[in-house]
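Novice: any chance you can model this:
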Amino acid sequence: MRLRRPESTALALAGTLVLLTGCGAADMTKQASPFANAQSAKTVTLSVQSWVGAQANVAVARYLLEHELGYRVDTVQVDEVPAWDALSQGRVDAILEDWGHPEQEQRYVQDKRTIVNGGGLGVTGHIGWFVPTYFAKAHPDVTDWKNLNKYADQLRTPESGGKGQLLDGSPSYVTNDKALVTTLGLDYQVVFAGSEAAQITQIQQFAKAKKPFLTYWYTPQWLFERVPMTEVTLPAYEEGCDADPAKVDCAYPVTPLQKYLNADFARAGGKAAELLKNFEWTTEDQNQVSLMIAEQKLSPQEAAKRWVDSHPAVWRAWLP
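Specialist: Numbering: from 1, shown residues only. The predicted structure follows:
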C-alpha cells in the first residue's frame with residue numbers, strides 16, 4: 001500500500017508459489033511454469049495475490065483471455081514481494097494489482113529492466129485503521145488516534161496480552177502497525193488473524209455481537225458493504241515519513257494500484273499483453289466480482305462470466 005497487505009483466501013505462504021491448473025499443484029519454488037513467458041505460444045500465466053480483489057482482477061482477465069482471445073491461462077499464487085521475483089524471472093507474465101513496492105520497482109523496472117509498468121488498474125487503494133461505525137457513533141472521539149488509549153481497555157482480547165487489540169491480517173502483508181503502535185505511544189498489541197479470510201471472520205463475529213474492535217483494513221474491500229466501518233485518523237502522511245520501517249509515525253498513503261508485466265512478455269506477448277495493458281476498471285466493478293466470490297461463494301470463473309455478461313461496453317474496449 002505503498003506497501004500492500006491486502007483481499008481473498010490468503011492461502012499463499014511467503015516465498016511459495018503454487019501453479020493452479022486442472023492437473024493439480026506444483027511447487028513453483030522448484031520449477032517454473034511451462035506456460036509463462038512462452039514465446040509465440042497461446043499461453044499466459046498470471047500472478048494472483050492473496051486477497052479477493054486481486055482474485056477478481058485475475059478472474060475477469062482470465063475469462064477474457066480464454067473466451068475472447070483463445071489463450072490458455074494458468075494462475076500462480078504467490079505473496080507480494082516474491083511475486084516480483086517470479087515476474088522478473090519469467091515464471092509469471094503479469095501482476096494485475098500491486099499496491100506499491102518502490103524498492104522492487106527500482107530494482108526490476110529501473111535497474112534490471114526485466115519488468116515494465118503495465119499501467120493503472122483504475123482502482124485507488126488505501127490502508128488504514130478502522131473501528132465499527134456503531135462504536136464510532138457511540139464514541140465519536142475514538143476516530144482520532146490521540147484518544148485510542150482511552151479505549152484500550154474496551155478493546156482488549158485474550159490474544160492482546162492485557163493491551164488493546166489492533167487486528168491485522170496475514171503476517172505476509174506489508175504493515176507499519178507495530179512501528180506505529182510504538183512511535184505513537186499506544187497501549188495496543190498487534191494481533192495477526194493469519195489471513196484475510198480469518199480476519200474477515202473475526203470482524204464479522206465482533207459485528208454480530210456488536211462488540212468494539214480496532215482493525216487494520218483497506219479500501220477497496222467488499223466487507224464495508226456488510227460491516228460499516230469508520231476510519232481512525234492517524235498523523236497525516238508525508239513523503240518519506242515511512243522511509244524507516246522501525247520509525248513510521250504517519251498514516252498509510254493513498255495508492256493508485258498498478259499492473260506490471262514481464263518485459264519479454266510485454267514486448268512479445270501479442271494480444272494477451274495488449275489486453276492486460278488495456279485492462280482498467282472501477283472500484284465498483286472490482287467489488288461486484290469480489291462480492292460474488294467471497295460472499296455468494298461463486299467460483300472466480302462464474303463470477304467473472306456474470307460480470308462479463310453484464311458489462312460488455314467496459315471490457316470490449318480492452319480487446320486488441
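Novice: can you tell me the element K211 falls in?
Specialist: Taking DSSP states H and E as the definition, one finds K211 inside no helix or strand.
Novice: what's the separation between the closest residue to F135 other than its chain neighbours and W145?
Specialist: Of all residues not flanking F135 in the chain, P212 sits nearest, at 4.3 Å (CB to CB, 6 or more residues apart in numbering). The C-beta positions use only the backbone N, C-alpha and C, and glycine is treated the same way. P212 sits 15 Å away from W145, going by CB to CB, to the nearest Å.
Novice: burial check on S299, number of neighbours?
Specialist: Using other CB atoms under 10 Å, S299 is surrounded by 11 other residues.
Novice: for A209, see how far away it is.
Specialist: Applying CB to CB, the value for S299 to A209 is 31 Å.
Novice: same question, P312
Specialist: 43 Å.
Novice: need the next SSE after the lengthiest helix in the chain, C-terminal direction.
Specialist: Scanning the chain for the helix with the most residues, using DSSP state H, yields helix 52-67. Remark: after helix 52-67, the chain's next helix or strand is strand 72-77, criterion DSSP H and E.
Novice: report all helices and strands that that following strand contacts.
Specialist: When contacts are defined as 3 or more CB pairs under 8 Å, 6 or more residues apart in numbering; DSSP states H and E, strand 72-77 packs onto strand 18-21, strand 43-48, helix 52-67.
Novice: Throw those into CSV and include mean neighbour count, distance to P140 and mean pLDDT, thanks.
Specialist: CSV is the format used below for the helices and strands packed on strand 72-77 (neighbours: other CB atoms under 10 Å; distance: least, CB to CB, whole Å; pLDDT from 0 to 100):
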stretch, mean neighbour count, distance to P140, mean pLDDT
strand 18-21, 18, 45, 34
strand 43-48, 26, 40, 96
helix 52-67, 25, 30, 96
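Novice: look up phi and psi at the residue nearest to Y188 when sequence neighbours are not counted.
Specialist: Using CB to CB, 6+ apart and skipping residues adjacent in sequence, the residue nearest Y188 is G164, 4.3 Å away. Backbone geometry at G164, expressed as degrees, to the nearest 10, gives phi -70, psi 150.
Novice: mind listing what's buried along the longest strand along the chain?
Specialist: Ordering each strand of the chain by length in residues (DSSP state E) puts strand 115-132 first. For strand 115-132, a neighbour-count test (16 or more other CB atoms under 10 Å) marks 115-116, 118, 121, 123, 125-132 as buried.
Novice: of the residues you listed, closest to W99?
Specialist: Distance to W99, by CB to CB, is smallest for G125 among the buried residues of strand 115-132, at 5.3 Å.
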